[in-house]
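S.K.: I'll drop the sequence and a predicted model, then ask my questions.
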Amino acid sequence: MRRIPETLSWEEIEGRGADSFQKSFFNIPLCSIDDLRSADAIFFGGPAYFGSMCGQMQQFLNSLDPLRQNGSLVGKVGSTFTSSASQHDGQETALLGLHVAMLHLGLLVVGLPYTFQGQMRIDEITGGTPFGATTITGRDGERKPSENELAAAFFQGKHVTIIASKLAKR
């Protein structure tokens with residue numbers, strides 16, 4: 001697991017109410033171009049913000065143009081996940097924006113297929129879309145992923161791993 005560079009100041013992060021768990025993400029190593037080059041599969045994820053991917057992710061993707069130019073990621077598996085404060089904060093549009101960027105990079109886009117039956121649930125409010133695993137967090141992060149949302153993420157991870165393994169054997 002790698003993280004992308006943060007573009008907000010510490011003051012702004014703290015002003016948005018980041019708790020110690022959220023601050024612990026800064027202990028995760030930054031993603032490098034070499035990390036992406038050496039990966040068999042890449043998951044891009046982050047919060048949906050104003051119906052799109054967050055600005056930090058857009059800035060990171062913009063920095064990957066050298067990989068697009070030399071084709072370093074062509075044929076690798078790419079997949080996405082996101083979260084949002086409510087059901088209607090643009091999860092699918094955020095994921096589709098990531099899909100477009102992955103296609104420009106030459107990645108083979110893999111989503112969350114309907115063979116994960118949890119996408120068909122109507123008995124609870126739940127994330128999850130064919131474009132990728134999602135969760136709804138609440139404005140202040142008070143909602144944690146449901147069992148169904150966690151199952152979707154694990155299903156997608158396994159699905160991507162199986163496909164990437166098959167491609168790596170070629």
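M.R.: Perfect, I can see it now.
S.K.: Residue 101 and residue 64, how far apart?
M.R.: Distance, residue 101 to residue 64, using CB to CB, to the nearest Å: 8 Å. C-beta here means a position set from N, CA and C on the backbone, and glycine is covered the same way.
S.K.: Between those two, tell me which one has more neighbours.
M.R.: Between residue 101 and residue 64, counted using other CB atoms under 10 Å, residue 101 has the larger neighbour count: 21 against 17.
S.K.: tell me which element that one is part of?
M.R.: Per DSSP states H and E: residue 101 is located in helix 91-105.
S.K.: Measure how far that helix is from the centre of its chain, please.
M.R.: Its chain's average C-alpha position is 10 Å from that of helix 91-105, according to CA atoms, centre = their mean, to the nearest Å.
S.K.: Repeat that for stretch 87-99.
M.R.: Using CA atoms, centre = their mean, the offset of stretch 87-99 from its chain centre is 10 Å.
S.K.: May I have it as PDB, with CA atoms only?
M.R.: The C-alpha atoms that make up stretch 87-99 are tabulated as PDB, following Å, rounded to 0.1, in the frame of the first residue of the first chain:
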ATOM      1  CA  GLN A  87     -25.100   8.300  -1.100                       C
ATOM      2  CA  HIS A  88     -25.300  11.200  -3.500                       C
ATOM      3  CA  ASP A  89     -21.800  12.700  -3.500                       C
ATOM      4  CA  GLY A  90     -20.700  11.400  -6.800                       C
ATOM      5  CA  GLN A  91     -19.100   8.000  -6.200                       C
ATOM      6  CA  GLU A  92     -19.700   6.700  -9.700                       C
ATOM      7  CA  THR A  93     -18.500   9.800 -11.400                       C
ATOM      8  CA  ALA A  94     -15.400   9.800  -9.300                       C
ATOM      9  CA  LEU A  95     -14.700   6.200 -10.200                       C
ATOM     10  CA  LEU A  96     -15.400   6.900 -13.900                       C
ATOM     11  CA  GLY A  97     -12.900   9.800 -13.800                       C
ATOM     12  CA  LEU A  98     -10.300   7.400 -12.500                       C
ATOM     13  CA  HIS A  99     -11.200   4.900 -15.200                       C
END
